[in-house]
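>>> Sharing a model prediction with you, sequence too.
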Amino acid sequence: MTNPFKTFNISLDYVKPSASALKLAKEYNFPPHLVERYVKMLGHSDAKALLDTVGKGLKKAIRCNKLKIDCKHLKQRLEKKNIVLKEVNFIDYGFWLLKGEDRIGHILEYLYGFYYIQNPASMLPPYILAPTPEDVVLDMCAAPGGKTTHLAEIMKNKGIILAVDVSREKMKTLRSHLSRMGVENVIAVRMDVREIRKLRNTFTKVLLDAPCSGEGLIPIDPENVREREIKDFYTMASKQLEMLKIAYEVVKEGGEIVYSTCSIAPEENEFVINEMLNLFKDKILVEEPKVKAGMHGYTEVFNVKLHADLRKCIRLYPHKHGTEGFFMCKLRKIG
């Protein structure tokens, strides 16, 4: 295992399964080394509650596109089609689907771009970044476009968003969503994000929804999670750390970065942020997001003590919040 974190040692002893973890692993047919992590992270009862969500799926949700329609009007239109919505408690233009989710991607309102089908957890990173019409924003891993179109919506189609992704197929999907949602302030470029570091001190805000293990997708993709070895988390963390360093290089002094993953793994989340705080000491800080959602980040996990400011990060879990497992942290470059 390659350890990308220079400031503390990691011992694989933390995944040696206890008797209680072995019992849970057998009950849920889940890898013992992962179950042991969940027990250490959450405690036995919460680990069991998390495992209860395996393969159960998640309730669908939509994000109203205020660039094209008033959200109350959208709600009325959909309810006339017997599609029942409930407001997401932390974003007033996000709605849970209580009825009619089987039709939500096949009606005219969807084709008109009046909404984007999106898990509420994924609505949070652009909301937390909160770009204004005056900002120059970089979306580092933009495809398929849920967060890019959300950024444009928040910015009222003004300012500039550079949306970058390396995947040709995903960029086709991104461009399709930009057109469908009526987005006009995005420059979409297919390229390796590492080339972006040439644009040093260019952007006022950066969104990095980083590639990850997908460990937060236990309810909808449990087989992918079951295949994860501990080394996979550190392999991903190494890539995430490199990308976050690039985000730091290209954002202006005083600018903001929101880092997010659809993983509940501390190795890909708090450990990565902790390393950034140590690498860029006194030049970067964690900010408290102005949104009440989820739980605090870890300041100690797996017997590793982390920066106290990591409590300002946000964690969401399927068994607690009904969303995919998710992590978000807002950073400010101060030097």
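Thanks, I have the structure now.

>>> remind me, longest helix of the protein?
helix 230-250 (DSSP state H).

>>> and the helix or strand just after that one, which strands flank it?
Following helix 230-250 in sequence order, the next helix or strand is strand 251-261 (DSSP states H and E). Sheet pairing of strand 251-261 (DSSP bridges) gives strand 203-209 (parallel), strand 326-333 (antiparallel).

>>> May I see these organised as CSV, with mean neighbour count, distance to Phe233 and mean pLDDT added?
For the C-beta atoms, the positions are set from N, CA and C on the backbone; glycine is no exception. What follows is the strands paired with strand 251-261, written out as CSV (neighbours: other CB atoms under 10 Å; distance: least, CB to CB, whole Å; pLDDT from 0 to 100):
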stretch, mean neighbour count, distance to Phe233, mean pLDDT
strand 203-209, 24, 17, 98
strand 326-333, 25, 13, 98
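
>>> okay, and the helix or strand of the chain with the least pLDDT?
strand 304-305 (a mean of 92; mean pLDDT, DSSP states H and E).

>>> so for whichever helix or strand comes after it, what's the average pLDDT?
Using DSSP H and E, the next helix or strand after strand 304-305 towards the C-terminus is strand 314-316. What strand 314-316 shows for mean pLDDT is 98.

>>> Other residues contacting strand 314-316?
Taking contacts as CB atoms under 8 Å, 6 or more residues apart in numbering, the residues outside strand 314-316 that touch it are 121, 124, 128, 216, 264, 269, 289, 291, 293-298, 323-329.

>>> Show me just the buried residues among these.
With burial judged by 16 or more other CB atoms under 10 Å, the buried subset of the contacts of strand 314-316 is 121, 124, 128, 216, 264, 269, 289, 293-294, 297-298, 323-329.

>>> How many residues are close by Pro32?
When neighbours are counted by other CB atoms under 10 Å, Pro32 registers 17.

>>> Tell me the predicted confidence for it.
97.

>>> Now for it: which residues touch it?
Pro32 neighbours (CB under 8 Å, 6+ apart): Pro17, Ala21, Leu22, Ala25.

>>> For the last one, pull up the helix or strand it's in.
When secondary structure is defined using DSSP H and E, the element that contains Ala25 is helix 19-28.

>>> List the buried residues for that helix?
Those would be Ala21, Leu24, Ala25, Tyr28, for helix 19-28 by 16+ other CB under 10 Å.

>>> What is it packed up against?
Using 3 or more CB pairs under 8 Å, 6 or more residues apart in numbering; DSSP states H and E, the elements in contact with helix 19-28 are helix 32-42, helix 44-51.

>>> Just the endpoints, please. Distance across stretch 54-67?
Using CA to CA, to the nearest Å, one end of stretch 54-67 lies 36 Å from the other.

>>> Please enumerate the strands of the stretch 1-150 of the chain.
Listed in chain order, the strands found in the stretch 1-150 of the chain under DSSP state E, counting those that start in this stretch are 61-64, 84-88, 91-99, 115-117, 136-139.

>>> so which of the strands paired with strand 251-261 comes closest to Ile220?
Between Ile220 and these, the tightest spacing by CB to CB is seen for strand 326-333, at 12.8 Å.

>>> That closest one vs helix 230-250, what angle?
Strand 326-333 and helix 230-250 meet at an angle of 30 degrees, taking axes from the mean of the first three to the mean of the last three CA atoms, to 10 degrees as the criterion.

>>> returning to what we had before: as a markdown table, the strands of the stretch 1-150 of the chain with mean neighbour count would be great.
Below are the strands of the stretch 1-150 of the chain laid out as a markdown table (neighbours: other CB atoms under 10 Å):
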| stretch | mean neighbour count |
| --- | --- |
| strand 61-64 | 26 |
| strand 84-88 | 17 |
| strand 91-99 | 18 |
| strand 115-117 | 20 |
| strand 136-139 | 26 |
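
>>> Looking at the helices and strands packed on helix 19-28, which is nearest to Glu227?
So among the helices and strands packed on helix 19-28, helix 32-42 is nearest, using CB to CB, at 10.1 Å.

>>> ok so, going back, Throw the strands paired with strand 251-261 into JSON lines and include distance to Lys245, thanks.
Conversion of the strands paired with strand 251-261 to JSON lines gives the following (distance: least, CB to CB, whole Å):
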{"stretch": "strand 203-209", "distance to Lys245": "10"}
{"stretch": "strand 326-333", "distance to Lys245": "12"}
